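Colleague: Provided below are the primary sequence and the corresponding predicted coordinates.
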Amino acid sequence: GAVVSQHPSWVICKSGTSVKIECRSLDFQATTMFWYRQFPKQSLMLMATSNEGSKATYEQGVEKDKFLINHASLTLSTLTVTSAHPEDSSFYICSARRLAGLETQYFGPGTRLLVL
Amino acid sequence: AQSVTQPDIHITVSEGASLELRCNYSYGATPYLFWYVQSPGQGLQLLLKYFSGDTLVQGIKGFEAEFKRSQSSFNLRKPSVHWSDAAEYFCAVGASRGTSYGKLTFGQGTILTVHP
């Protein structure tokens, strides 16, 4: 149980285009989903917290107009990187927290984004 | 704000040897503590967690960790390492109260190399 998927697993795009990444909790309902960014050989940095049906809360320094987050249902959150630039290239990982139960976050496999 | 320090960036052990990965945290209240493992290009897998109760926590794959409040530590141990344990290990602290409730802060990670 507690499986989280991400799609796509990797994406290459041209500078200036937008990219959408999906995060799904496959076998449980997630009131909260989190989006992280991980640069090579570095730790995960929390970008934003997404609660179903409400606006996402962004961490300091994260541009909310650039990283659009939508959490339309209890099993799906999306991250859209708008007008992507090479510096946005990174490994994006989502996690989901159950509707009820302990406060464990279950992580997706990640999406590697390369902006040319 | 919470923080996590993993003092060892890279550890090398021989297969069959014992392992201890260090983790120190800073948090103003009783924290939620986690250890995750990440294989190359993959998301994070939860090894074990501490919320309350017994300070010695058993996890998957033969790992255990001990919460020591006096030392603000949550070190990960395994009595006999297998080659498949080679990966990167992240310690994380979760906020147990306040506006950051549930948010995870990760350490820098420790890369484990296992020699045959």
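Modeller: Happy to help now that I have it. Numbering: from 1, shown residues only, chains lettered A, B, ... in the order given.
Colleague: Show me which residues of chain A are close to chain B?
Modeller: Residues of chain A found near chain B (CB under 8 Å from any CB of the partner chain) are A:4, A:6, A:32, A:34, A:42-46, A:49, A:93, A:95, A:97, A:102-110, A:112. Any C-beta I mention is one placed from the backbone N, CA and C, and that applies to glycine too.
Colleague: if we go to 10 Å?
Modeller: By CB under 10 Å from any CB of the partner chain, the residues of chain A that approach chain B are A:2, A:4-6, A:9-10, A:31-32, A:34, A:36, A:38, A:41-46, A:49, A:57, A:59, A:91, A:93-95, A:97, A:102-112.
Colleague: Could you list the single helix or strand in chain A with the lowest mean pLDDT?
Modeller: strand A:105-107 (a mean of 89; mean pLDDT, DSSP states H and E).
Colleague: Please name every helix or strand in contact with that one.
Modeller: For strand A:105-107, the elements it packs on are strand A:4-7, strand A:30-38, strand A:90-98, strand B:32-38, strand B:44-50, judged by 3 or more CB pairs under 10 Å, 6 or more residues apart in numbering or on different chains; DSSP states H and E.
Colleague: Please tabulate those in TSV, including the columns mean pLDDT, mean neighbour count and distance to residue B:23.
Modeller: Shown next, in TSV, are those (pLDDT from 0 to 100; neighbours: other CB atoms under 10 Å in any protein chain shown; distance: least, CB to CB, whole Å):
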stretch	mean pLDDT	mean neighbour count	distance to residue B:23
strand A:4-7	95	18	24
strand A:30-38	92	24	18
strand A:90-98	92	24	19
strand B:32-38	94	24	7
strand B:44-50	92	20	11
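Colleague: how about these, which one is nearest residue B:85?
Modeller: strand B:32-38 (8.1 Å; CB to CB).
Colleague: how far is that closest one from where the chain is centred?
Modeller: Distance of strand B:32-38 from the chain centroid (CA atoms, centre = their mean, to the nearest Å) equals 5 Å.
Colleague: So what sits opposite residue B:14 in the bridge?
Modeller: residue B:115 (DSSP bridges).
Colleague: For residue B:112, see how far away it is.
Modeller: 12 Å (CB to CB, to the nearest Å).
Colleague: what does residue A:72 give?
Modeller: Distance from residue A:72 to residue B:112, by CB to CB: 39 Å.
Colleague: Compare those two and say which is more crowded by neighbours.
Modeller: More crowded of residue A:72 and residue B:112, by other CB atoms under 10 Å in any protein chain shown: residue B:112, with 21 against 11.
Colleague: wait, isn't that one in contact with residue B:12?
Modeller: Yes. With contact defined as CB atoms under 10 Å, residue B:112 reaches residue B:12; the gap is 7.8 Å.
Colleague: Need the residues touching each of those two.
Modeller: residue B:86 (CB atoms under 10 Å, 6 or more residues apart in numbering or on different chains).
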